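[1] 3D model of this:
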Amino acid sequence: MSQTQIDPGTSTWLRVQNDRTALHLLLTHGPLTRAQLGELSGMSKPTAGQMLTRLESAELIAPVGEVSGSRGPTAVSYGVRTDRITGVAVSMHGEFLEAVLVDAIGTEHPISRVPLAGRERSPENDVRAAIDAACAAAGVPTDAVAAVAIGVQAAVWRERDRLSLTDTLPGWPAIGSRERIEAALEIDATLENDVNLATMAERAEGTARDASSFALLWLGEGLGVGVDLGGLLHRGAAGSAGEIGYLAAAAPDTGEPSDTTDLLGGPAVTRLLGLPEGTAYADSVALLAQNPEARDTLADRVAFALDPVLAVLDPALVVLGGPTGVAGGDAFAARVASRIRSDAHPEITVRASLAGPLAVLLGARQLLVDQIRQRLEARILSR
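    Numbers count the residues shown, from 1 in each chain. Now for the predicted structure:
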């Protein structure tokens with residue numbers, strides 16, 4: 001039953017509002033006793049006790065311990081159950097995927113890495129492997145998983161269940177991937193562009209928490225820009241906003257025609273460092289801080305690639321994310337900032353990502369925590 005089906009002001013409506021408040025406080029503050037819940041909610045102890053009883057009856061909370069007071073007997077503390085509804089956050093890479101279990105309180109669970117070589121690839125097979133690995137690592141049964149959030153290296157038109165630019169997703173169809181996952185695994189699935197998820201993480205937990213607007217330039221094997229305008233993610237009409245890797249460009253240091261991925265992607269970093277072709281991108285990035293000349297050239301190229309982004313969006317902040325941006329750190333961000341035209345963008349700030357190399361998973365986890373909490377609240381409304 002939705003909230004709109006309950007007449008406002010009735011005893012049922014008041015009870016639902018009280019229970020929603022109690023659940024929110026338990027999710028925000030962690031385990032609470034009856035007295036603590038009463039104090040935080042402004043309710044009397046008897047009313048707080050009734051709220052806890054109803055939430056426990058709905059299997060949303062359970063006793064988790066006892067708290068000794070300075071006077072009187074010990075009090076039972078209650079916490080939100082994390083075993084009723086869980087999700088799995090997934091980050092798809094070219095050769096592997098990363099997956100982690102997610103619950104309502106954002107518990108830290110082990111991250112699993114699943115190689116994809118030699119597997120029969122499809123949306124449902126890849127996600128099933130992610131769920132199996134994440135649940136095995138966390139020691140929970142797979143039947144508790146109700147939802148997945150999947151970061152993909154592709155443009156995602158969510159309303160039409162359409163993917164484009166899917167070079168790293170063999171076996172995934174252009175249309176219907178989400179539907180196939182939901183039908184085969186009987187769970188809710190959210191597909192999202194990986195850079196968009198990293199942008200969400202940067203807003204929630206990274207360097208952009210207080211920014212009025214920002215652009216996240218993802219520097220990895222490929223490129224992308226995540227756009228946050230006043231806390232709202234801009235995806236574009238068909239989910240393709242920020243796909244700058246395919247923009248035609250001429251290298252500012254050589255003048256050779258190219259595109260931005262050729263200038264800034266993983267192979268470009270390897271070449272700038274003078275490493276043998278085929279060197280693993282992760283190994284190349286680790287050496288970036290030791291080569292000032294390559295770092296300066298790369299900073300020139302980043303500033304060049306940012307020029308159209310800044311001209312169109314004029315954000316308050318640019319965040320350099322992805323493996324290259326994280327490896328470069330604040331020193332690299334400062335070099336990029338010094339190369340941006342000060343007359344055109346006098347107030348621009350450039351910073352390195354604080355969300356780190358797991359930003360995509362963090363963004364997917366954030367989505368799932370919100371979804372799981374909505375499901376828990378729906379149980380209150382349906383009683």
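
[2] my read: Leu264 touches Val302, true?
    Yes. Under the criterion of CB atoms under 8 Å, Leu264 lies in contact with Val302, with a separation of 6.5 Å. The way it works is simple: take the backbone N, C-alpha and C, and place the C-beta from them, glycine included.

[3] all helices for this structure, in order.
    Ranges of helices in the chain, per DSSP state H, are 11-29, 34-41, 45-57, 123-138, 177-185, 194-205, 260-264, 266-272, 281-286, 292-313, 322-339, 359-381.

[4] list the buried residues in the longest one.
    Okay, so that is helix 359-381. Buried residues in helix 359-381, defined by neighbour count with 16 or more other CB atoms under 10 Å: 359-369, 371-373, 375-377, 379-380.

[5] which segments of this protein make up each domain?
    Under the assignment named as automatic domain parsing, the residue ranges that make up the domains of the chain are 3-81, 86-194+361-380, 207-354.

[6] please identify which of those domains is closest to Ala201.
    Set against Ala201 and scored by CB to CB, the domains of the chain come closest in domain 86-194+361-380, at 3.8 Å.

[7] I'd like the average pLDDT over the closest one.
    Per-residue pLDDT over domain 86-194+361-380 has a mean of 96.

[8] what's the span of it, first residue to last?
    Distance between the two ends of domain 86-194+361-380: 17 Å, counting by CA to CA, to the nearest Å.

[9] distance between it and the chain's centre?
    Taking the mean C-alpha point of domain 86-194+361-380 and that of its whole chain, the gap between them comes to 11 Å (CA atoms, centre = their mean, to the nearest Å).

[10] one more: stretch 325-335?
    Counting by CA atoms, centre = their mean, stretch 325-335 comes out at 22 Å from the chain centroid.

[11] how about stretch 265-280?
    The chain centroid and the centroid of stretch 265-280 are separated by 28 Å under CA atoms, centre = their mean.

[12] quick one on the thing from earlier: overlap in contacts, Leu264 and Val302.
    Contact criterion CB atoms under 8 Å, 6 or more residues apart in numbering; residues bridging Leu264 and Val302 by contacting each: Leu219.

[13] TSV for the domains of the chain, including distance to Ala201?
    Output for the domains of the chain, formatted as TSV (distance: least, CB to CB, whole Å):
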stretch	distance to Ala201
domain 3-81	20
domain 86-194+361-380	4
domain 207-354	9
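
[14] nearest to Met200, of those domains?
    Distances from Met200 to each of those were compared using CB to CB; the shortest belongs to domain 86-194+361-380, at 4.0 Å.

[15] neighbours of Gly236, just the number please.
    One way to gauge burial is a neighbour count; for Gly236, by other CB atoms under 10 Å, it gives 12.

[16] that should have said Leu229, apologies.
    Here the number of neighbours of Leu229 (other CB under 10 Å) works out to 13.

[17] also Glu120?
    One way to gauge burial is a neighbour count; for Glu120, by other CB under 10 Å, it gives 7.

[18] ok, now which ones touch the residue lying closest to it once chain neighbours are set aside?
    Once flanking residues are discounted, Glu120 sits nearest to Gly171: 7.4 Å by CB to CB, 6 or more residues apart in numbering. Contacts here follow CB under 8 Å, 6+ apart; on that basis Gly171 touches 120-123, 125-126.

[19] make it 10 Å
    For Gly171, the contact set (CB atoms under 10 Å, 6 or more residues apart in numbering) comprises 116, 119-126, 177.

[20] Ser164 too?
    For Ser164, the residues meeting the contact criterion (CB under 10 Å, 6+ apart) are 154-157, 174-175, 238-240, 243.

[21] again, 8 Å this time
    154-155, 157, 174, 238-240.

[22] likewise for Pro123?
    Each residue near Pro123 by CB under 8 Å, 6+ apart is listed here: 171-173, 177-178, 180-181.
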